[in-house]
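[1] Sequence and predicted structure, then a few things I'm wondering about:
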Amino acid sequence: MSILISVAAVSLLTVFLTILIILGETVLANYGVCTIDINHGRKRLAAVGGTTLLSALADHEIFVPSACGGKSTCGLCKIQVADNARPVLPTEAPYLTNAEAETGVRLACQYKIKSDLSVVIPEQFLATRRYHGRIERITDLTYDIKEFRLALPPGESLEFKAGQYIQVETKPYGNVKESVFRAYSIASQPAEQRYVDIIVRLVPNGICTTYLHKYVTVGDEISFTGPYGDFYLRDGADQLIFIAGGSGLAPIKSLIFDILAQQLDKNMIFFFGAVSKRDLYYVELFNDLAEKHENFTYIPALSKPEPDDDWDGELGLITEVVARHIHDGENKHAYLCGSPGMINACIEILSQIGFSSDQIFYDKF
């Protein structure tokens with residue numbers, strides 16, 4: 001009984017101390033208005049002390065990517081605190097390398113402004129902006145994947161590189177009481193600046209995927225920021241290996257169509273992995289491309305086809321299929337997009353084949 005009383009006392013004390021800390025942050029601490037110096041004087045902003053860097057920058061229309069909505073689960077919002085950065089928080093540690101932590105890189109969603117500070121932000125973030133468009137088209141691609149066309153207002157355009165992404169903002173719906181942002185790769189090609197296409201797979205209990213799949217209709221207003229990302233074409237290789245699964249097809253589609261539109265002298269092979277035939281989409285589109293362009297090959301593969309799939313194409317995990325077709329890394333670059341598990345497995349097999357790390361580019365989600 002005495003042990004139970006002691007445990008209860010410790011628990012109550014912990015709760016009490018937690019409340020005191022919260023009170024100290026929200027009531028007792030008054031940081032006033034602080035100044036944020038960006039990129040060594042390029043911009044200077046005023047921010048209310050106690051807010052996060054992510055929120056303060058967004059208030060000034062500087063949109064640092066944050067696919068998790070500021071909950072420290074994506075690690076995208078890295079910026080460098082130039083002077084006297086506070087110690088790394090436990091919520092930041094999983095997303096920072098030792099070198100990043102030592103040079104003041106922090107997650108903007110976790111770093112609270114408590115005094116004047118200087119930060120270094122990637123230039124691409126300063127070039128992003130908010131767009132207000134409308135849902136022009138919704139296309140069912142599979143049982144759980146849809147493509148959404150986001151049309152910009154007349155006279156507006158979005159300049160981006162094939163392979164980049166935007167952050168879509170949801171509106172409150174159902175039990176979701178606030179707007180959130182989520183990242184989606186652009187599936188359309190850069191030449192089409194009047195709209196952007198995104199491909200979205202419905203994730204169980206996913207806030208943004210549920211919103212897009214079940215709550216928006218053609219004609220609805222939708223806001224997004226961008227463009228973001230460095231998953232774009234690099235020079236230095238004549239043969240390009242593209243590997244994707246699920247909605248990871250989106251940036252690969254943009255890259256392939258952009259390369260063909262520019263008539264670049266590149267040989268391309270696109271491997272797309274799926275479980276069964278019902279998980280495949282855009283098969284006819286890519287088969288037509290392969291027939292029209294000698295420098296493009298399309299190889300879809302199924303890991304577990306259903307008995308009635310009547311499948312006579314490649315079988316096995318996508319890593320096995322890649323290994324059957326690619327035997328060295330000479331003069332090649334690989335572009336991978338899909339789940340972390342798929343990406344990691346592909347990196348491993350490509351490394352065994354002979355690809356070095358600087359020949360492999362990927363976008364995990």
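    Perfect, thanks for sending it.
[2] Can you show me the CA trace of the top strand by length along the chain as PDB?
    Ranked by number of residues, the top strand in the chain under DSSP state E is strand 129-140. The C-alpha trace of strand 129-140 is given here as PDB (Å, rounded to 0.1, in the frame of the first residue of the first chain):
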ATOM      1  CA  ARG A 129       4.300  31.800 -52.100                       C
ATOM      2  CA  ARG A 130       0.700  30.900 -51.400                       C
ATOM      3  CA  TYR A 131      -1.700  30.200 -54.200                       C
ATOM      4  CA  HIS A 132      -5.500  30.200 -54.200                       C
ATOM      5  CA  GLY A 133      -6.900  27.900 -56.800                       C
ATOM      6  CA  ARG A 134      -9.900  25.700 -57.500                       C
ATOM      7  CA  ILE A 135     -10.400  22.000 -58.000                       C
ATOM      8  CA  GLU A 136     -10.900  21.700 -61.700                       C
ATOM      9  CA  ARG A 137     -10.900  17.900 -62.100                       C
ATOM     10  CA  ILE A 138     -10.900  14.800 -60.000                       C
ATOM     11  CA  THR A 139     -10.000  11.500 -61.600                       C
ATOM     12  CA  ASP A 140     -10.300   8.000 -60.000                       C
END
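[3] residue boundaries of the strands in the stretch 251-365 of the chain?
    Using DSSP state E, counting those that start in this stretch, the strands of the stretch 251-365 of the chain run over residues 267-274, 296-302, 314-315, 332-338, 360-364.
[4] could you dump the ones you listed to JSON lines with mean pLDDT and mean neighbour count?
    C-beta: built from backbone N, CA, C; applies to glycine. Formatted as JSON lines, the strands of the stretch 251-365 of the chain follow (pLDDT from 0 to 100; neighbours: other C-beta atoms under 10 Å):
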{"stretch": "strand 267-274", "mean pLDDT": "98", "mean neighbour count": "23"}
{"stretch": "strand 296-302", "mean pLDDT": "98", "mean neighbour count": "21"}
{"stretch": "strand 314-315", "mean pLDDT": "95", "mean neighbour count": "16"}
{"stretch": "strand 332-338", "mean pLDDT": "96", "mean neighbour count": "24"}
{"stretch": "strand 360-364", "mean pLDDT": "92", "mean neighbour count": "18"}
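[5] what does the model give L23 for pLDDT?
    As summarised for this prediction, L23 has a pLDDT of 51.
[6] Output the lowest mean pLDDT helix or strand found in this structure.
    Sorted by mean pLDDT, DSSP states H and E, the helices and strands of the chain end with helix 2-23, the least confident at a mean of 48.
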